[in-house]
Each structure stands twice: as structure tokens, then as C-alpha cells.
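Q: sequence unknown, structure follows:
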């Protein structure tokens, strides 16, 4: 059912090793591995462990990038050569040449990053590496899907649990692992659960967002990640873009809704999440002197008609969108000084949490208001700055 993924006792799941897809083979893969235009398998290759194998290798390099992330860094529905990682680092020339390794897999979040970093550290593979993190999207997704049982958020998903929407039950996992004929039946009911739970018109999803659980989950994992980094590690954050922004004019919002899969509630939800992610990443950058490479501004500054040209859906870039991000990455790393002290300032999680609370509270309040509106409750107080975001 998922021909390119396998279960892994440490990472939860990863790619099958030694894959080399260079032709238009006909198979029925899950969506992440089906090309968005050709409708056949994307062209990609994996190493002997089960992560993407770099297309290019360089000698006499200035450093090595390790990329961590989910589908947007992996390159969902596009050939590997078109992903922004590969596009940014191919045919390198000039003063700075970098090797790279992409540890991103669709569905991965900071849980998986933490497991990966612990394993890389154990095997002495983190030394003098430049670590690129892409967080926010999947933290929210994991938190939303597990909100009925929040303790499960911190568990690394195995392959079956991940692809059946994180319904973490040892009983279901046993059935799915041992009785393949039950998979379609169980998946049908999991899909019904997913549609109910993740519906953007569901007040409880907005209430979950308003409580800020996914940011807490994300920061908790980040604290553990940084504790596993050494002085010679240089972390960088990627700020991912999307289709929807709170600053969009009404005409842009309507154009996106009319020309994509996005509904009005979906638009508002994603726009809030992007704002939360951006404030969170910029705050981490400010407090701990961590560089940010910002893809978000590329798309936010476009009118909607132009922006739509670069996305497969509301989150995932098409080939052209990936190339745009690759050019931005290449441009911004030119100005980073990897020779300077790499040690992160003391990661004061209490200071970070208190700063984020002040900066994010009004966004969580917007989510709370939306939850109440969906419940058709009108007699509630609001405390939103009136000069913020006219769409609200």
C-alpha cells in the first residue's frame, strides 16, 4: 500500500534503502511519490539507510548541510532534482562550496528530527555540520490529529500509524501488520475519523489551535534537539511559505479560495498558522542568534494570481516554486559566516516561552474567537488590536 516506506524502530518510519527511480515506472504509490503533472512515480534515489541520496557530491567543501524536515523539504510530488535543496546546491561555484544530506521525509516533524539527531550524534556524524530545520507545519498537524490523546504527540509514529492518520493503537497496528485484507476496511474508518477531526469547520480544531499546544510541543522538542548539539554545530531555520496570509487583501483571499482546494475557514486557519510559525521562528532567531532563511516573504509579497502559479496545493511547492526557494536559499547562504562562533547562546526555554506568550496571545485569541463563532456563540469578549489584519 505504501511501496516506498518501511517501519523503523528509531525513526518510526523511513524510505526503503537503495531505491533508484529514473524511469516512468507505473505503480500505484501514495500521493507524495506521484508526480503532480505526469501522474507517474517521481524520480528519486535513496541511500543504503533509507534517506535521500544526494544527486551531487563535492570535494574540498566549506561545510556540509544536514537538512531536516517533512514534505516541503523532501519535495513532495516532484522529481528529486527539482526540490529546492537539490536546486540550490547543484553546480556550485564561487567562494563557498557545500556538501549536503537531506534527512527529510513526508510526515516527519520535530519528533523525528530529535530521533535522527540523537542517532547521528551517537554515530559521530554531527561534527561540524550545518543543520537546517524546517518546523511548524507538521507540528500543528501532529498536534491536531492527536488532540484526543495529547500524550501520543511525543511518540515517533511508525509507518502504518503515520499513514493511517496517527491512530496510535497497538491493537490496530497489530491488525494492520498481520492481516493485510483488513487494511482497506480500517483505512476507510480512519479516513472518516480524519475528516471529522481535521475539518476546518470543526470548532474543536480551532479550540486546539487557540490553546497553543503545537507550539509547546515544538519548543519542547527543540529544547531537546539543542541539548544534543555540540559547539561546532551551526543551526539554521527555514521559514516556509504557503498560499494564505493574514495580510492578504480581500480580493486575493477570494481569488485563492476560488482557484484552489481552500475554503474560507481553511484560508483563515492556514493564515493563522503561518503567522504563528513566523513569529515563533523569528523569536527563536532573535533570542538565540540563529539565522533564518525566509521563503515566506517570497510568496507573501506576491499577488494571489502570481502566487498560485508556484503551488501544487496550499502548502507544497511545484517545480517552479521549489526553484524559486532554491534560488533564495542559495542567495541567502552567501551572507552567512560559518567561520564565526557556532555555539548557540544558552537556550533559555523559560524566556522563550514567556516571550512567545506575549507575541502569540492575540493570534491564539483569534483562533478562540473563530471556535466560538463556529459554535454560534455571540456573547463573548474579544481583545484583538484593531489595527491588525482587516480580514478579521
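A: In hand now; what should we look at? Quantities reported herein were computed from a predicted structural model and do not represent experimental measurements. Numbers count the residues shown, from 1 in each chain.
Q: When you work out contacts or count neighbours from here on, use the C-alpha atoms and nothing else.
A: OK.
Q: And the next helix or strand past the lowest-mean-pLDDT helix or strand in the chain?
A: Scoring the helices and strands of the chain by mean pLDDT, DSSP states H and E places helix 159-163 at the bottom, with a mean of 52. Going down the chain from helix 159-163, the next helix or strand is helix 170-178, by DSSP states H and E.
Q: Tell me which other helices or strands that following helix touches.
A: Where contact means 3 or more CA pairs under 8 Å, 6 or more residues apart in numbering; DSSP states H and E, helix 170-178 is packed against helix 159-163.
Q: And the average pLDDT for the host helix or strand of residue 224 is what?
A: If you go by DSSP H and E, residue 224 is part of helix 213-227. Mean pLDDT, computed over helix 213-227, is 94.
Q: In this structure, where is pLDDT below threshold?
A: 1-2, 23-28, 148-155, 157-170, 173, 341, 345, 377-392 (pLDDT under 70).
Q: thinking again about what came up before, so how far is the helix holding residue 224 from its chain's centroid?
A: Averaging C-alpha positions (CA atoms, centre = their mean, to the nearest Å) puts helix 213-227 14 Å from its chain's average.
Q: Buried residues in that helix, which are they?
A: By 16 or more other CA atoms under 10 Å, the buried positions in helix 213-227 come out as 213, 214, 215, 217, 218, 219, 220, 221, 222, 225, 226.
Q: what's that helix in contact with?
A: Outside helix 213-227, the residues that touch it by CA atoms under 8 Å, 6 or more residues apart in numbering are 110-111, 113-114, 117, 135-136, 139-140, 142-144, 153-154, 280, 347, 349.
Q: what does stretch 74-87 give?
A: With contact meaning CA under 8 Å, 6+ apart, stretch 74-87 is reached by 31-36, 42-45, 54-55, 73, 102-106, 316-319, 322-327.
Q: Restrict the residues you listed to the buried ones and give me that as a PyMOL selection.
A: Selection of buried members from these for PyMOL, criterion 16+ other CA under 10 Å:
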select buried, resi 32+33+34+35+36+42+43+44+45+54+73+102+103+104+105+106+316+317+318+319+322+323+324+325+326
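Q: Which of the contacts of stretch 74-87 fall within helices?
A: Counting by DSSP state H, the part of the contacts of stretch 74-87 found in helices is 73, 319, 322, 323, 324, 325, 326, 327.
Q: Could you find which two of the residues you listed are furthest from each other?
A: The span of the ones in helices among the contacts of stretch 74-87, defined through CA to CA, is set by 73 and 327 at 14.2 Å.
Q: what's the neighbour count on residue 67?
A: Residues within reach of residue 67, counting by other CA atoms under 10 Å, total 23.
Q: Look up how far residue 135 lies from it.
A: From residue 67 across to residue 135, the span is 11 Å (CA to CA, to the nearest Å).
Q: swap in residue 195?
A: 24 Å.
Q: residue ranges of the helices in the stretch 51-200 of the chain, please?
A: Assigned by DSSP state H, counting those that start in this stretch, the stretch 51-200 of the chain shows helices spanning 71-74, 84-89, 110-122, 137-145, 159-163, 170-178, 183-198.
Q: Need these in JSON lines (columns: distance to residue 304).
A: Below are the helices of the stretch 51-200 of the chain laid out as JSON lines (distance: least, CA to CA, whole Å):
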{"stretch": "helix 71-74", "distance to residue 304": "20"}
{"stretch": "helix 84-89", "distance to residue 304": "21"}
{"stretch": "helix 110-122", "distance to residue 304": "30"}
{"stretch": "helix 137-145", "distance to residue 304": "21"}
{"stretch": "helix 159-163", "distance to residue 304": "32"}
{"stretch": "helix 170-178", "distance to residue 304": "43"}
{"stretch": "helix 183-198", "distance to residue 304": "25"}
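Q: So for residue 285, which of the ones you listed sits nearest?
A: Closest approach to residue 285 among the helices of the stretch 51-200 of the chain is made by helix 110-122 (17.0 Å; CA to CA).
Q: can you list the residues that contact that closest one?
A: Contacting residues not belonging to helix 110-122 are listed as 10-12, 68-69, 126, 135, 139, 154-156, 218, 221-222, 224-225, 228 [CA under 8 Å, 6+ apart].
Q: Report the buried members of these.
A: Neighbour-count burial (16+ other CA under 10 Å) is assigned, among the contacts of helix 110-122, to 11-12, 68-69, 126, 135, 139, 154, 156, 218, 221-222, 225, 228.
Q: Just the closest of the residues you listed to residue 312, please.
A: Closest approach between the buried ones among the contacts of helix 110-122 and residue 312, by CA to CA: residue 69, at 18.3 Å.
Q: Contact partners for the nearest residue to that closest one once chain neighbours are set aside?
A: In this structure, residue 69 finds its nearest non-sequential neighbour in residue 104, 4.5 Å apart by CA to CA, 6 or more residues apart in numbering. Shown in contact with residue 104 (CA under 8 Å, 6+ apart): 51, 52, 67, 68, 69, 70, 71, 73, 74.
Q: Switch these over to JSON lines; also include distance to residue 4.
A: Converted to JSON lines, these look like this (distance: CA to CA, whole Å):
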{"residue": "51", "distance to residue 4": "11"}
{"residue": "52", "distance to residue 4": "12"}
{"residue": "67", "distance to residue 4": "20"}
{"residue": "68", "distance to residue 4": "19"}
{"residue": "69", "distance to residue 4": "18"}
{"residue": "70", "distance to residue 4": "15"}
{"residue": "71", "distance to residue 4": "14"}
{"residue": "73", "distance to residue 4": "17"}
{"residue": "74", "distance to residue 4": "14"}
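Q: which residues sit in contact with the residue sitting nearest the centre point of the chain?
A: Nearest to the geometric centre of the chain sits residue 137, at 4.1 Å (CA atoms, centre = their mean). Residue 137 is in contact with residue 273, counting by CA under 8 Å, 6+ apart.
Q: just residue 17 next, same as before
A: Residues counted as contacts of residue 17 (CA under 8 Å, 6+ apart) are 46, 47, 48, 49, 50, 51.
Q: Please apply the same query to residue 134.
A: Under the criterion of CA under 8 Å, 6+ apart, the neighbours of residue 134 are 68, 69, 70, 73, 237, 238, 239, 240.
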